[in-house]
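K.L.:
The sequence and its predicted three-dimensional model are supplied below.
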Amino acid sequence: MDIASIIGLVGCFFVVIFGIISGNLGVAALPNFVDPASVIITFGGTFVCVMASYNMKDFIAGIKSIRLVFKVPVVDESTTIRNIIDLSNVARKEGLLSLEEAANNLEDEFLKKGILLIVDGTDPELVRAILETELTCIESRHKKTISFWETVGAMGPAWGMIGTLIGLINMLKVLDDSSSIGPNMATALVTTFYGSLLANWISAPIASKLKSNNDVEIMLKEVIIEGLLSIQAGENPRVIEEKLKSFLSPVQRSAFSQGNGEDELVTNGGGESNG
Amino acid sequence: MDIASIIGLVGCFFVVIFGIISGNLGVAALPNFVDPASVIITFGGTFVCVMASYNMKDFIAGIKSIRLVFKVPVVDESTTIRNIIDLSNVARKEGLLSLEEAANNLEDEFLKKGILLIVDGTDPELVRAILETELTCIESRHKKTISFWETVGAMGPAWGMIGTLIGLINMLKVLDDSSSIGPNMATALVTTFYGSLLANWISAPIASKLKSNNDVEIMLKEVIIEGLLSIQAGENPRVIEEKLKSFLSPVQRSAFSQGNGEDELVTNGGGESNG
Amino acid sequence: MDIASIIGLVGCFFVVIFGIISGNLGVAALPNFVDPASVIITFGGTFVCVMASYNMKDFIAGIKSIRLVFKVPVVDESTTIRNIIDLSNVARKEGLLSLEEAANNLEDEFLKKGILLIVDGTDPELVRAILETELTCIESRHKKTISFWETVGAMGPAWGMIGTLIGLINMLKVLDDSSSIGPNMATALVTTFYGSLLANWISAPIASKLKSNNDVEIMLKEVIIEGLLSIQAGENPRVIEEKLKSFLSPVQRSAFSQGNGEDELVTNGGGESNG
Amino acid sequence: MDIASIIGLVGCFFVVIFGIISGNLGVAALPNFVDPASVIITFGGTFVCVMASYNMKDFIAGIKSIRLVFKVPVVDESTTIRNIIDLSNVARKEGLLSLEEAANNLEDEFLKKGILLIVDGTDPELVRAILETELTCIESRHKKTISFWETVGAMGPAWGMIGTLIGLINMLKVLDDSSSIGPNMATALVTTFYGSLLANWISAPIASKLKSNNDVEIMLKEVIIEGLLSIQAGENPRVIEEKLKSFLSPVQRSAFSQGNGEDELVTNGGGESNG
Amino acid sequence: MDIASIIGLVGCFFVVIFGIISGNLGVAALPNFVDPASVIITFGGTFVCVMASYNMKDFIAGIKSIRLVFKVPVVDESTTIRNIIDLSNVARKEGLLSLEEAANNLEDEFLKKGILLIVDGTDPELVRAILETELTCIESRHKKTISFWETVGAMGPAWGMIGTLIGLINMLKVLDDSSSIGPNMATALVTTFYGSLLANWISAPIASKLKSNNDVEIMLKEVIIEGLLSIQAGENPRVIEEKLKSFLSPVQRSAFSQGNGEDELVTNGGGESNG
């Protein structure tokens, strides 16, 4: 479970509740902000409209993607780089075919697939083409999900405003009782309030989080492609390490170097580069 | 018929009706939201203005594109990939010329055209150039239609606001009867309401759906181009399958592999890649 | 004369007039919407400000471009492709030098220039470089004109708002007579109304139409460049036709094939491709 | 001095003054629009905030760039192309080394630098690399200045709104005297008015003008690079002319051809291309 | 410490204070603008929502990046270019291996790493690949931080508006005492005021400054990559100088040439280019 998302989404809820009860009315104000009809107009209108913007399969996939927000990506760059360097050592000592066995212990499906392509003796150009096509398609699927939540974030305030316009027109048509103007206007504004929450509390953080997760995953896969092609080209493990470490931030890099202590000893013999 | 679009567009209508009758006035409020003059200003102004933005042919094509929203694309990636693999098997066993007969059974015009170019013995570079030019031109025609609905979506609220400004100026000039302010203002707001519906109920879902359909079609055609060139290059059907499967999502891929059971047997003999 | 632009721009005018007289005041409301001072603030401010954004030459060119909106492009893709195929037949039968005479009958200056470069024996790479530089420069000149109208469309509402702010500040400073608030506010809103019309009635359709015309022209010139280089390379007229037809939509393509009946007979003899 | 900028910026001033005095109050309204505190909030806030967005050197450079708006670029494309053709004639007749003397008469520093690189016998690839790096860096410096004014244009209305919010909150807290509401609100709106002027009168035209000047300069430098490399490659002056004329608009081109009458005679002898 | 950022951020504070006390109420108005509940809604809502948009590590890194705004980049282009030219002289006279010692005196980690790669005899293509991957990754990390502050800048006004909506709905529901409307509305507007300050006083300048610092750093690193590859290729120091000077503005360039007086003497002997 991703702690920032949980704190964030729950925290937003409490900030809104606090905002409502910190006014003159105190807790008594809460019922003013709960209006089932407004929920139907704003949330109903938004999701029904978003459904019309996609086909049913993509709509359901979009809704389901909400749980990805709470998932912490399990593999990180350092582990992946270490795996690739280990694999390159195996390949150097025991040949490319010995990678098949090593691949079975890997959790990363993308890395495993690449290894199997190499073991099959696939042409390097084809390995790159297959993996990069997959990368592009993964990213375009992610972008579809991100755009789903961006559409929700655009539709929310729009339907909030439609609800407010309906309320205002209804109210203005019968201005007989001036004392009812205030409460009616308050009710009209509730849909705008809902639309604003839908956009800023739900859609924006989800879209932003999915974008962020996508960046991490794509970068990881680029590291893998670069590493796999280096292994296939029979490059020196130390050169591969140097190459892949360029993807790390200074902090990750020093952490990586410490954790990598014993590997360093193994590969030091082949210190000269043959890139 | 695409079920999501129908539910979505009809659902929006009911949400709006519900929003109107859920107020204090109930069903009696409905006539307040029907104003023929406002329809003419908002919808008339929008479409006449969009007409000025395009030439007559593109305008009519834009209007007509509305029915594409309800059409479900008939061919999917898996079927297309299976067709290409079948064709590559035919080509391997009976030569490129035998593809002509097989092409006659294909529904996809783009794939058929590509096969005929190959059968004609066209140079691979030229096959790619012709098919990619066609791809680019298809996409640019799609984008024109999408931009048509985006223009409608931008013009709708603009003419809604022009209508509201006209109503406000008319109302403010003669403020003799203060009891008429409310109803007049309500009428002025109806054009804003119409403009908002035009943008969010009609234009946004249509533009979004056409964009989504375009993405699917372009991706499908990229799969076809990639496949055709592999067939022409005489690549092994299993390599072609591996290549084209990169375009599929994990879900589609496992569905594809199951459905492909018997093909697997046929092509397994040529398991080593010659990419 | 382009009929869509005329209907569109005139139609917008009538929609606005209808909107004004459909209120309670009827035709008597029209004078409320004509205010010379507001015209000067909104239109004067906009154009003077746009002038400051460009140099005098570009400003005058921008204003003049308004007449391009009503011009229907005379040459279409089908005619151009037919011309190029005719030229390729001439070149095949009588040699490249014989194109000089044929070029004299062409209306399209760009095509003529390309033919003359070929006749002069210019290197293919240089022909492509010269024609593509010209294409890029044409497009960048078009984009300057389009951005001129986009600037007008951004400045219009801005100066409309400046006018309204001036009117509001003037009005609020002397709130002695409450009966004058309404009419004064109405006057203040007239500049916003003008700014909205300037943006949505004039600028948006012009910019959109010029963009659309630019797309058509650029595509046509890309067809010409592709065709000219094929002629210079001595490609088979049927291959050239196949290549250039990729630029056409399915509708244009079938229309083209029908109109091309007799040419087909002539070129059928050289049916095999030599691309 | 660039006449369009002067007319434009002065004209905007008069349009605003006219807008103010065309109201009911006449010239007496002018003092309502001059409020030193509002000037400090809007202009002070904007520039202090823009300063925080840049470092001191860039801030001062940004402010200074205002005078570039009134400068008319002295060299035009036609003159530059003629200079390059003259240089290519010199190079053809007297060798590349003779260009050194000719370069001393050139005003354009960029052209002069390129000539000296050629005279030094620099490798063509390196000449292109050096000149294109310089081009990229010039453009990125220009873009920094343009973004400076775009930041001013974004900050102006923001601080105008902050000023108005401060005024409104101050006013609403003490609503004891209802007769003071109007004037106080007018004062609050003055900062919005200032912010709008800052964005639309000052920033937008300056940013737009600098962008336009940048486009002209970059295009000119691209012409120079293309020309210099052609001279170094020893291309025929007539081919160079044909190449560089592609950068000109039809109007410039016919003007160029007329002004170029006597050069044509000189170079006609080498009419065949050797590109 | 960067003086522009300090003047800017502190100056904004004083402009706001001045704006508040320059009204009719004077210093007594200040308490109206301090409302702890509004602080919690606007700032709390914003940061909790931004936290949900990132993971915890990126959120903390984003908050910490605020101190980068006050740091003046220590190394400038001129110093870096001079260092590279010095290194190229060392490499020419004493061989590439002698660079190792010289590298120890360098402060720039990126330059040092590049030198060590060269000394290790790494293949030039690999040196470029490693350094450019690092450049890309540095830029993508910077962009993440910039987008963090842009998210803050978007969320600030959104939560300000949510706070104002809550305040308005609360107020409108109980309109019993008309004398309380003003003060209640003032309080409701305070969150909008806070949101506006958060966006324009804090986020915009920070994001802009980080973007500006990123541009400088990336350009510097491009200079270094270009220089290192030239050193490795054994290019003449004068050619390297000419190449790298293209990155400088005219002002920097003349300052560089003056400061470089004595180096000029040393390298003049190798005046002919061997690029």
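P.N.:
Received the coordinates, thanks. Numbers count the residues shown, from 1 in each chain, chains lettered A, B, ... in the order given.
K.L.:
Grab the longest helix from chain A for me.
P.N.:
If you go by DSSP state H, chain A has its longest helix at helix A:124-173.
K.L.:
Show me what the following helix or strand past that helix is packed against.
P.N.:
Later in the chain than helix A:124-173, the nearest helix or strand by DSSP states H and E is helix A:181-197. Judged by 3 or more Cβ pairs under 8 Å, 6 or more residues apart in numbering or on different chains; DSSP states H and E, helix A:181-197 is in contact with helix A:36-39, helix A:124-173, helix E:124-173. The C-beta positions use only the backbone N, C-alpha and C, and glycine is treated the same way.
K.L.:
What residues of the first one count as buried?
P.N.:
The neighbour-count criterion (16 or more other Cβ atoms under 10 Å in any protein chain shown) identifies A:37-38 as the buried residues of helix A:36-39.
K.L.:
mean confidence score for that helix?
P.N.:
Per-residue pLDDT over helix A:36-39 has a mean of 93.
K.L.:
What is the distance between the helix or strand just after that helix and the centre of its chain?
P.N.:
Later in the chain than helix A:36-39, the nearest helix or strand by DSSP H and E is helix A:45-53. Mean C-alpha position of helix A:45-53 versus that of the full chain (Cα atoms, centre = their mean, to the nearest Å) differs by 22 Å.
K.L.:
tilt between the helix or strand that comes right after helix A:45-53 and helix A:124-173?
P.N.:
Sequence-wise, the next helix or strand downstream of helix A:45-53 (DSSP H and E) is helix A:56-64. Counting by axes from the mean of the first three to the mean of the last three Cα atoms, to 10 degrees, helix A:56-64 lies at 80 degrees to helix A:124-173.
K.L.:
what about residue A:72, how many residues close to it?
P.N.:
13 (other Cβ atoms under 10 Å in any protein chain shown).
K.L.:
The residue nearest to it when sequence neighbours are not counted: neighbouring residues, count only.
P.N.:
Among residues not flanking residue A:72 along the chain, residue A:2 sits closest, at 4.8 Å (Cβ to Cβ, 6 or more residues apart in numbering or on different chains). Applying other Cβ under 10 Å, we find 19 residues neighbouring residue A:2.
K.L.:
Also residue A:107?
P.N.:
Neighbourhood size, residue A:107 [other Cβ under 10 Å]: 10.
K.L.:
likewise the one 5 residues further on?
P.N.:
The number of residues packed around residue A:112, counting by other Cβ under 10 Å, is 15.
K.L.:
Over to the one 3 residues further on?
P.N.:
Residues within reach of residue A:115, counting by other Cβ under 10 Å, total 25.
K.L.:
and the host helix or strand of it, what other elements does it pack with?
P.N.:
Following DSSP H and E, one finds residue A:115 within helix A:109-119. Contacts defined by 3+ Cβ pairs under 8 Å, 6+ apart place helix A:109-119 against helix A:77-94, helix A:99-103, helix A:124-173, helix A:204-232.
K.L.:
okay if I get those helices as JSON lines plus mean neighbour count?
P.N.:
Output for the helices and strands packed on helix A:109-119, formatted as JSON lines (neighbours: other Cβ atoms under 10 Å in any protein chain shown):
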{"stretch": "helix A:77-94", "mean neighbour count": "19"}
{"stretch": "helix A:99-103", "mean neighbour count": "17"}
{"stretch": "helix A:124-173", "mean neighbour count": "21"}
{"stretch": "helix A:204-232", "mean neighbour count": "21"}
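K.L.:
wait, which of those is closest to chain B?
P.N.:
Smallest distance to chain B across the helices and strands packed on helix A:109-119 (Cβ to the nearest Cβ): 3.7 Å, for helix A:124-173.
K.L.:
what's the angle from the closest one to helix A:204-232?
P.N.:
Helix A:124-173 runs at 180 degrees relative to helix A:204-232, counting by the same axes, to 10 degrees.
K.L.:
Help me see whether helix A:124-173 makes contact with chain B, please.
P.N.:
Yes. Contact of helix A:124-173 with chain B (Cβ under 8 Å from any Cβ of the partner chain) involves A:125-126, A:129-131, A:133-134, A:137, A:140-141, A:144, A:151, A:154-155, A:158-159, A:161-163, A:165-173.
K.L.:
Can you pull out the low-pLDDT segments for the stretch 51-200 of chain A?
P.N.:
Counting by pLDDT under 70, the stretch 51-200 of chain A shows low-confidence ranges at A:74-75, A:175-176.
K.L.:
can you rerun that using 80?
P.N.:
A:72-76, A:174-180 (pLDDT under 80).
K.L.:
Report how many residues lie close to whichever residue of it sits closest to chain B.
P.N.:
Nearest residue of the stretch 51-200 of chain A to chain B, counting by Cβ to the nearest Cβ: residue A:52, 2.4 Å away. Counted with other Cβ under 10 Å, the neighbours of residue A:52 add up to 27.
K.L.:
Skipping its backbone neighbours, what lies nearest it in space?
P.N.:
The shortest distance from residue A:52 to any non-neighbouring residue, by Cβ to Cβ, 6+ apart, is to residue B:8 (2.4 Å).
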